[in-house]
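> the following block contains a protein sequence and its predicted model.
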Amino acid sequence: MRYQPVMGLEIHCEMLTNSKVFCSCQNEFGGGENTRVCPRCSGMPGTLPLLNKGAVKLAAKAGFATNCTVNNYSAFDRKNYFYPDLPKAYQITQFESPICTDGYIDVVGGKRIRINRIHIEEDAGKLVHDDYEGVSMADYNRCGVPLIEIVTEPDFRSVEEVQDFVTQIAQRMKYAGVCDARMEQGSLRVDVNISLMPIGSDKFGTRTEIKNLNSVKSIGRAIEYEIKRQADILDDGGEVVQETRRYNDSQDNTKSLRSKVEAHDYRYFPEPDIPPVVFTDEEIEEIRKEMPELPQERFLRYTEGYKIPQEDAKLIIAQKEFSDFYDEAVKITPEYKLIANLMLGEISHQLNDREMDITAVTFTPANMAKIAEMAAGGVVSKGSAKDIIIIMFDKGGEPEAIAKDNGFIMDNDTSGLDEIIDKVLIEQADAVEKYKNGNDKLFGFIMGQAIKAAGKGANPALIKEALASKLK
């Protein structure tokens, strides 16, 4: 590869307010076309915008979640352009004075990606294309949905850095309560600006913008395709055209949408109908105090406080609801590692097999805590703990009752255990001889046969102790 890719991101996040940003229409995904539209968000003459205070507060929380400065002063502007999904022919946004500036996130490899700004704006509508009839229709339900746009510096040099950054943004926005980050529904969308420069050069090439990428996988594939496309043009002696492109996931290519415009083409000017947003230092501090625990903070609590392995901690925090379930369970009993193992093991396995989310399970974190307590206290084996989880998925019920009804309560009576083990040692004489000749791995096999012979209520710890004594 003779070229170094240079990339910057613009990430649009729909904020979790009850109503839209400049009117009282419901802010909700889906529904019939044009059923959540009013004169204000459809741009009817004589209407005036009314700023949603909740959206401003969420934008400030997004700034805290990304190490930004939340500014005391921010103001709105009009961005003028014509497109069928924008009935006013301008978008209310923040240009000169955004609400948040100068943030950062550290990505894979410890590299720091700078965030230039976070600003508030309204979303546009959506065009619905009917290829059969050859027409396009406008659905204005999304007009006026409150957005933040997170704009980075062109600090990315690899696909992995971009994907890690987007993953972290999605997590942080969800944990902060700013956005549900459902990329498949479009509530978090990513625009990638990408150019190539020769290896060793410090002069950026001509950039293109890939619009509205809605999955981490698509982002990676789109970047890889665009790098190859631009490299082929440069290798052939051509020039990359500055333009906006769209990625087609099914065809795995990008296609030109329109020429890329500069800021002056939008004829920005101050929004005359919305006064500036002014925060006192005390108000900013109050919002900061309301911030919930973020994923990076939970990661430290899990790894440093609970001594959970880093990879396990990453898996737990990857989904907020999963992490919340874990947190509620460990509040009841401090079996941090055992609960983590059961959740990342059998519970994750069952969720994947059943194509379920943790929010859909019928048992509670308290049930999870009880299973862990029973396993840690020797009431049931760890294998039986997994069986209890499966039964709760299938039929529900309380862990203690399930354990009793299915014979999972471990029998700590050692009488008769020697006879069972002696019988297994005779039946597995070949394995016993090989073990005594140095094949230590066969101990697990022999123990498994002993547990099987003793029955599901047997205590594995007692069997292991007795077996080890007899195999000396």
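Done, it's in.
> which parts of the stretch 51-200 of the chain are helices?
For the stretch 51-200 of the chain, applying DSSP state H, counting those that start in this stretch gives helices covering 53-65, 159-175.
> what about Glu10, which SS state?
strand (DSSP: H, G, I helix; E, B strand; the rest coil).
> tell me the spacing between it and Asn116.
Distance of Glu10 to Asn116, given as CB to CB, to the nearest Å: 10 Å. Glycine gets a C-beta too; all of them are placed from N, C-alpha and C.
> mind giving me the domain ranges of this protein?
Domains of the chain are assigned by automatic domain parsing as 3-282, 294-405, 417-470.
> closest one to Arg288 among those domains?
Nearest to Arg288, of all the domains of the chain, is domain 3-282, at 5.7 Å by CB to CB.
> give me the mean pLDDT for the closest one.
When pLDDT is averaged over domain 3-282, the result is 94.
> so what sits against both of Glu10 and Asn116?
151-152 (CB atoms under 8 Å, 6 or more residues apart in numbering).
> for the helix or strand where Asp422 lies, name the packing helices and strands.
Take DSSP states H and E as the rule and Asp422 turns out to sit in helix 417-427. Secondary-structure packing of helix 417-427 (3 or more CB pairs under 8 Å, 6 or more residues apart in numbering; DSSP states H and E): helix 442-454, helix 460-470.
> neighbouring contacts of the last one?
The contact list for helix 460-470, computed with CB under 8 Å, 6+ apart, reads 378, 381-383, 412, 414, 417-418, 421-422, 425, 443, 446-447, 450-451, 454.
> quick one: name whatever helix or strand follows the longest helix along the chain.
Taking DSSP state H as the criterion, the chain has its longest helix at helix 216-235. Sequence order places strand 243-248 as the next helix or strand after helix 216-235, per DSSP H and E.
> re the thing from before, what distance separates the helix holding Asp422 from the middle of the whole chain?
Offset of helix 417-427 from its chain centre (CA atoms, centre = their mean, to the nearest Å): 52 Å.
> buried ones in it?
For helix 417-427, a neighbour-count test (16 or more other CB atoms under 10 Å) marks 417, 420-421, 424-425 as buried.
> wait, which of these is closest to Gln251?
For the buried residues of helix 417-427, the nearest to Gln251 is Val424 (61.0 Å; CB to CB).
> hang on, the closest one packs against Ala450?
Yes: counting by CB atoms under 8 Å, Ala450 is a contact partner of Val424 at 4.8 Å.
> which residues touch the residue nearest to Ala376 when sequence neighbours are not counted?
Using CB to CB, 6 or more residues apart in numbering and skipping residues adjacent in sequence, the residue nearest Ala376 is Glu335, 5.2 Å away. Residues counted as contacts of Glu335 (CB under 8 Å, 6+ apart) are 369, 372-373, 376.
> max pairwise distance over those residues: which two?
Ala369 and Ala376 (10.4 Å).
> what's the longest helix of the chain packed up against?
Helix 216-235 packs on strand 3-14, helix 159-175, strand 188-198, strand 208-213, strand 243-248, strand 253-259, going by 3+ CB pairs under 8 Å, 6+ apart.
> show me what stretch 69-80 is in contact with.
Counting by CB under 8 Å, 6+ apart, 51, 60, 63-64, 89-103, 119-121, 266-271, 274, 276-281, 284, 287-288 sit against stretch 69-80.
> if you could redo that for stretch 421-429, that was the one I meant.
So stretch 421-429 is contacted by 432, 445-446, 449-450, 453, 463, 466-467, 470-471 (CB under 8 Å, 6+ apart).
> strands of the stretch 251-400 of the chain, start to end?
253-259, 269-270, 277-278 (DSSP state E, counting those that start in this stretch).
> what strands flank the last one, and is each parallel or antiparallel?
Each strand paired with strand 277-278, and its direction, by DSSP bridges: strand 73-74 (antiparallel).
> before we move on, the earlier item: CA-only coordinates of the helix holding Asp422, as CSV, when you get a sec.
Taking Å, rounded to 0.1, in the frame of the first residue of the first chain, the C-alpha atoms of helix 417-427 are listed here in CSV:
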residue,chain,number,x,y,z
LEU,A,417,-18.6,-42.8,48.0
ASP,A,418,-15.5,-45.0,48.4
GLU,A,419,-17.4,-48.0,46.9
ILE,A,420,-18.5,-45.9,43.9
ILE,A,421,-15.0,-44.7,43.2
ASP,A,422,-13.5,-48.2,43.6
LYS,A,423,-15.9,-49.5,41.1
VAL,A,424,-15.0,-46.7,38.6
LEU,A,425,-11.3,-47.4,39.1
ILE,A,426,-11.8,-51.0,38.2
GLU,A,427,-13.9,-50.2,35.2
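> count the residues that sit near Pro365.
19 (other CB atoms under 10 Å).
> pretty sure it is in contact with Ile332, am I right?
Yes: using CB under 8 Å, Pro365 is in contact with Ile332, at 7.1 Å.
> shared neighbours of the two, which are they?
By CB under 8 Å, 6+ apart, no residue touches both Pro365 and Ile332.
> surely Asn439 is within a strand?
No: judged by three-state DSSP, Asn439 forms no part of a strand; its state is coil.
> distance of it from Gly345?
For Asn439, the distance to Gly345 - CB to CB - is 28 Å.
> again, but for Glu398
21 Å.
> picking that back up, can you list the helices of the stretch 51-200 of the chain in JSON lines and add mean neighbour count?
Shown next, in JSON lines, are the helices of the stretch 51-200 of the chain (neighbours: other CB atoms under 10 Å):
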{"stretch": "helix 53-65", "mean neighbour count": "23"}
{"stretch": "helix 159-175", "mean neighbour count": "21"}
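> perfect, I'm done here.
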